[in-house]
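# sequence plus predicted model, see below.
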Amino acid sequence: GQQLNQSPQSMFIQEGEDVSMNCTSSSIFNTWLWYKQDPGEGPVLLIALYKAGELTSNGRLTAQFGITRKDSFLNISASIPSDVGIYFCAGITGNQFYFGTGTSLTVIP
Amino acid sequence: DTEVTQTPKHLVMGMTNKKSLKCEQHMGHRAMYWYKQKAKKPPELMFVYSYEKLSINESVPSRFSPECPNSSLLNLHLHALQPEDSALYLCASSREGSGANVLTFGAGSRLTVL
């Protein structure tokens, strides 16, 4: 199946710092999604992107649909302790939905 | 109501037990999904129901048996499980009946098989 590689695999940052993570694939996707998962909970949708080049914000979060349609980026500004969790990208192509490998974020107060 | 509700939150069962996980959504979504998730890994698709019919079975062992009584409900019947089946089981739903849609997830059922 499709492989969506996320980097970095894990991040340890100080509260207040900005965060950047990305998701890449060798294949083209029509939709990119970013989910956050808190420990013991289900993934929650943060941002959905539907067009190449699209830049969308949700509060302190900003995500972009890469021009090549093979990648997407998520930025978090001024991180806070509740940003802790695992961030998954997901791509949709044809009638298939694929998860990325995940980025684990730890915010140190 | 924009939630997917899963019960129970936690389940502990022996290898000879029969139990069920339940999922409910009232968003009028036409597709419902079961995923299995191991710690620090992405969710893995198990089953998809589209318009109340099983459309995808990702070669899941028969000890897992899905059921979709109506468009709002999804069950996962468990029998003769193995310890390696211990995981977080996630239910999800989407508006349309194909796999290519934004998924809304429930909070999950944490299963421990002894």
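Arrived safely.

# contacts and neighbour counts: CA atoms only from here.
OK.

# would you put the C-alpha positions of the lowest-mean-pLDDT helix or strand in chain B in PDB?
Lowest on mean pLDDT, DSSP states H and E among the helices and strands of chain B sits strand B:53-57, with a mean of 93. Coordinates of each C-alpha in strand B:53-57 appear next as PDB, following Å, rounded to 0.1, in the frame of the first residue of the first chain:
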ATOM      1  CA  LYS B  53     -23.200  -3.500   3.800                       C
ATOM      2  CA  LEU B  54     -19.700  -4.800   4.400                       C
ATOM      3  CA  SER B  55     -17.500  -3.400   1.700                       C
ATOM      4  CA  ILE B  56     -14.000  -4.000   2.900                       C
ATOM      5  CA  ASN B  57     -12.500  -6.700   5.100                       C
END
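
# which SSE is immediately downstream of that strand?
Using DSSP states H and E, the helix or strand that follows strand B:53-57 in sequence is strand B:64-70.

# which residues touch that following strand?
With CA atoms under 8 Å, 6 or more residues apart in numbering or on different chains as the test, strand B:64-70 has contacts from B:F47, B:Y49, B:E52, B:K53, B:L74, B:N75, B:L76, B:H77, B:L78, B:H79.

# tell me which of the residues you listed is nearest to chain A?
If you rank those by distance to chain A using CA to the nearest CA, B:F47 comes first, at 12.8 Å.

# could you say which helix or strand contains that closest one?
strand B:44-50.

# can you pull the buried residues of the least confident helix or strand of chain B?
Using 16 or more other CA atoms under 10 Å in any protein chain shown as the test for burial, strand B:53-57 gives B:K53, B:L54.

# partners of the lowest-mean-pLDDT helix or strand in chain A in the sheet?
When the helices and strands of chain A are scored by mean pLDDT, DSSP H and E, strand A:96-99 comes last with a mean of 91. Strand A:96-99 has the following strand partners under DSSP bridges: strand A:85-93 (antiparallel).

# from the chain's centroid, how far away is the strand it pairs with?
6 Å (CA atoms, centre = their mean, to the nearest Å).

# CA-only coordinates of it in CSV, if you can.
What follows is strand A:85-93, C-alpha atoms only, in CSV (Å, rounded to 0.1, in the frame of the first residue of the first chain):
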residue,chain,number,x,y,z
GLY,A,85,0.3,14.1,21.5
ILE,A,86,0.8,12.2,18.3
TYR,A,87,0.1,14.1,15.1
PHE,A,88,-0.9,11.9,12.1
CYS,A,89,-1.1,13.1,8.5
ALA,A,90,-3.5,11.2,6.2
GLY,A,91,-3.8,11.3,2.5
ILE,A,92,-6.8,10.4,0.3
THR,A,93,-6.3,9.2,-3.3
